[in-house]
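A.B. asks: Here is my input; please provide its structure:
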Amino acid sequence: MSVPDPFMTPDPRAVADSNLMDFARHAGMAGSDYAALYRWSVTDLEGFWATVWEYFDIDADTPYEQVLADERMPGARWFPGATLNYAHHALRNLADDAVAVIALDETGSCYEVTASRLRAQVASVAATLCELGVGRGDRVVGYLPNTPHAIVAFLAAASLGAVWSVCGQDYAPKAAADRFAQLEPTVLIAADGYLFNGTTHDRRAATLELAHALPTLKATLLVGHVGLPWPAQPYPSLVVPWEDAATRTEELTCAPVPFDHPLWVVFSSGTTGLPKGIVHGHGGVLLEHLKTLGLHSDLGPGQRLLWYTTTHWMMWNLVVSTLLTGATTCTYDGSPAPLARPDTLWKLAARHRVTVFGTSPQYLLGMAKFGIDPSVHDLSSIRVVGCTGSTLPASAYPWVRDHVGERVLLASISGGTDVVSGFAGSAPNTPVWAGELSAPHLGVALAAYDAEGFPVVDRVGELVVTRPMPSMPLSFWNDPDGRRYREAYFSVYPGVWRHGDWITVTGHGSVIVHGRSDSTLNRNGVRLGSADIHDVVERLPEIAEALVIGAEEPDGGYWMPLFVVLAAGAELDDTLRDRIREAIRSGASPRHVPDDILEVPGIPHTRTGKKLEVPVKRLLQGAPVGQVVDPATVDAPDLIDHYARLGAERRGRSA
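C.D. replies: You can find the predicted model right below:
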């Protein structure tokens, strides 16, 4: 099979100057292409990760005894004997007067935090936490928007060896408590509110309600972010103003902890049941994020990253890790596309000379669909546009080239909260094929498995990882025997990580993501990823968003509806239905033309932007709402009842 022409090839000069090529020279592989580096990284795990350790000059208090003591999954043991601290590495690589964090919001206002100020604030908050009884292994939780306060609080907790967890304030108090109460936290850190789409959202009452739902709290730190006064009211624990906690004069000391000491707990979407807490370690995150940001994104001193995220999405964790590379990270509080100025993020990227701009497919597609042209701003500083959260369709690639920059690397990335990193994406020296991820990430032994557990190429299979990654979870919270952890990833292919995505590994080394394997469309034995349908349908100017579902029915039938949200002024008549069917027939699969095309008021998503395909499928099949999804975890909870009614009406008609 011939290799298709890439959409773009990397600039040889940029490749030669990249961190990745410098890393290759350090590894004794000067002149190697990406394929050669990748083969080495997954066949010689110990050699590769030891070189990452050396190249990024990991400052361990005690050295490691060996790189990988046990390769079995789950349970691989990385760098036993080493003690270190993530926070120390996040705070060591910037000169005192260098800008560490730029705080942005949707109004366009900003302020800068220098490295010396960041270190001073972390030292002060750490001393405050220590006085409040926080020690190694204790939990500190944040109910915070994406501002420097969250970064300071996290690094302060990490410096003590405490365990951090955070969620955004668009979560209702109950939804936040469903996560945090599992951790039995010692301290809560919460803000007075946040900005979104021209509105200041007051979260003072929500903070009080959350504090009452966490009986283990010894103290609550109150952050004045949007300028709302904290009323004098009875909290269930000691109250400390952020200004008092963060303005002391203290020396920063980072406690050395074992390589696999817990750093943070991130939570699954929680669409059914209590969200599962995923525990990652100091050392695994440190190495994985240095590799991802330092090599794949080519970040280092003098560079700047702006990636739109909320604090409860794993991308926030990666945004903080920008500091590990010595680059500047930008926080952003607000809507990604405020109604008053939808191009706000591009304007800010231009003003602050952002190097890596990160977003989601929905954002890029929305910009294109509504005629927003970022190129009215000077975007010449942007080298990489990163995109993750769902599959980026091929149609977005020319738009980025034409409206952001001809030589900009469009880095579509697939990863997960589970490993708090990426499985596949791009690198400075990889070609880009539209609609494809350029290659598996270094150190990720990725494959597509068929049903019998054999790797396949140029065929759809399950995304698996056959050898361990340092950032694989240490455990799930409250899973003492590891049963839930094993069932989540290792029950289908024993000893091999199954992630739950359908992918194709192509003959030219790229990766195509087709969607979640548990939401695959399986019509008459022919399987297709839902993302392939969404791609072609959402290219139509009349369609704002689409969701296709394949639902098995009790009588053995198979119902495949397509739900569409129409663009302003569009009408779902027979002509548009015919155009949709023809687009799917010619652009995706003639066997997967939907049975029905139905207009809906919206598509429900998790709060990190993923379409709720499986929950909607189960609602259509008749599962009770309470067994399918917690409305508090959905961006538009009222839509859940809408789909439940659709399912009930269909079952009523067929009864």
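A.B. asks: Kindly list the longest strand within this structure.
C.D. replies: For the chain, the longest strand by residue count, based on DSSP state E, is strand 497-505.
A.B. asks: Determine the set of other helices and strands touching that strand.
C.D. replies: Counting contacts by 3 or more Cβ pairs under 8 Å, 6 or more residues apart in numbering; DSSP states H and E, strand 497-505 packs against strand 414-416, strand 446-449, strand 460-465, helix 483-489, strand 511-516. All C-beta spots, glycine's among them, are computed from the backbone N, C-alpha and C.
A.B. asks: what's the fourth one in contact with?
C.D. replies: Yep, that's helix 483-489 we're talking about. With Cβ atoms under 8 Å, 6 or more residues apart in numbering as the contact definition, helix 483-489 has outside contacts at 74, 276, 418, 473, 475-476, 479, 497-499.
A.B. asks: do the same with the third one
C.D. replies: Where contact means Cβ under 8 Å, 6+ apart, the residues beyond strand 460-465 that reach it are 414, 423, 444-450, 455, 492-493, 496-505, 513-514, 517, 527, 529.
A.B. asks: Swap in 7 Å and give it another go.
C.D. replies: By Cβ atoms under 7 Å, 6 or more residues apart in numbering, the residues outside strand 460-465 that reach it are 423, 444-450, 493, 496-499, 501-504, 514, 517, 527.
A.B. asks: before we move on, the earlier item: can you tell me which of the contacts of helix 483-489 is nearest P4?
C.D. replies: H499 (25.6 Å; Cβ to Cβ).
A.B. asks: By mean pLDDT, point me to the weakest helix or strand of the chain.
C.D. replies: Comparing every helix and strand of the chain by mean pLDDT, DSSP states H and E singles out strand 526-528 as the least confident one, with a mean of 64.
A.B. asks: Let's see stretch 185-205 as CSV, backbone CA atoms only.
C.D. replies: C-alpha atoms of stretch 185-205 as CSV (Å, rounded to 0.1, in the frame of the first residue of the first chain):
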residue,chain,number,x,y,z
PRO,A,185,-9.2,15.8,52.9
THR,A,186,-7.5,17.9,55.6
VAL,A,187,-7.8,21.3,53.9
LEU,A,188,-10.1,22.8,51.3
ILE,A,189,-8.9,25.7,49.2
ALA,A,190,-11.8,27.5,47.4
ALA,A,191,-12.4,30.7,45.5
ASP,A,192,-15.2,33.2,45.8
GLY,A,193,-16.2,32.7,42.1
TYR,A,194,-15.2,32.5,38.5
LEU,A,195,-15.9,34.2,35.2
PHE,A,196,-17.8,32.7,32.2
ASN,A,197,-19.3,34.4,29.2
GLY,A,198,-19.6,37.8,30.6
THR,A,199,-21.0,36.7,34.0
THR,A,200,-19.3,36.5,37.4
HIS,A,201,-20.5,33.3,39.1
ASP,A,202,-20.7,33.7,42.9
ARG,A,203,-19.5,30.4,44.5
ARG,A,204,-19.4,31.6,48.1
ALA,A,205,-22.5,29.7,49.2
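A.B. asks: please begin residue numbering at 400 from this point
C.D. replies: Okay, residue one is now 400; in that scheme the one you just asked about reads as stretch 584-604.
A.B. asks: Pull the distance from it to the chain's centre.
C.D. replies: Here stretch 584-604 is found 22 Å from its chain centre; the criterion is Cα atoms, centre = their mean, to the nearest Å.
A.B. asks: buried sites along it?
C.D. replies: In terms of neighbour count (16 or more other Cβ atoms under 10 Å), stretch 584-604 has its buried residues at 584-595, 600, 602-603.
A.B. asks: So which residues of the stretch 550-699 of the chain form strands?
C.D. replies: Using DSSP state E, counting those that start in this stretch, the strands of the stretch 550-699 of the chain run over 562-566, 586-590, 592-595, 598-601, 618-622, 637-640, 656-657, 661-666, 676-680.
A.B. asks: Provide the strand pairings for the fourth one, with the direction of each partner.
C.D. replies: In the sheet containing strand 598-601, the strands it pairs with under DSSP bridges are strand 592-595 (antiparallel).
A.B. asks: same deal with the second one?
C.D. replies: Using DSSP bridges, the strands paired with strand 586-590 in its sheet are strand 538-542 (parallel), strand 618-622 (parallel).
A.B. asks: most packed of these?
C.D. replies: Each of the strands paired with strand 586-590 was assessed for mean neighbour count using mean count of other Cβ atoms under 10 Å. The highest is strand 538-542, with a mean of 27.
A.B. asks: now the angle from that one to strand 562-566?
C.D. replies: If you take axes from the mean of the first three to the mean of the last three Cα atoms, to 10 degrees, strand 538-542 sits at 20 degrees to strand 562-566.
A.B. asks: Strand 538-542 to strand 661-666, inter-axis angle?
C.D. replies: Angle between the axes of strand 538-542 and strand 661-666 is 40 degrees (criterion: the same axes, to 10 degrees).
A.B. asks: contacting residues around strand 538-542?
C.D. replies: By Cβ under 7 Å, 6+ apart, the surrounding residues in contact with strand 538-542 are 528, 533, 549, 552, 556, 561-566, 568, 575, 579, 582-589, 606, 609, 710.
A.B. asks: Just the endpoints, please. Distance across stretch 785-795?
C.D. replies: The first and last residues of stretch 785-795 sit 12 Å apart, counting by Cα to Cα, to the nearest Å.
A.B. asks: what mean pLDDT does that stretch have?
C.D. replies: Stretch 785-795 comes out with an average pLDDT of 85.
A.B. asks: and what of stretch 758-765?
C.D. replies: When the per-residue pLDDT values of stretch 758-765 are averaged, the result is 88.
A.B. asks: who touches it?
C.D. replies: Here stretch 758-765 has contacts from 707, 735-736, 786-792, 795, 798-799, 937, 1008, using Cβ under 7 Å, 6+ apart.
A.B. asks: Please apply the same query to stretch 791-801.
C.D. replies: 406, 760, 763-764, 767, 784, 807, 809, 811, 833-834, 934, 938.
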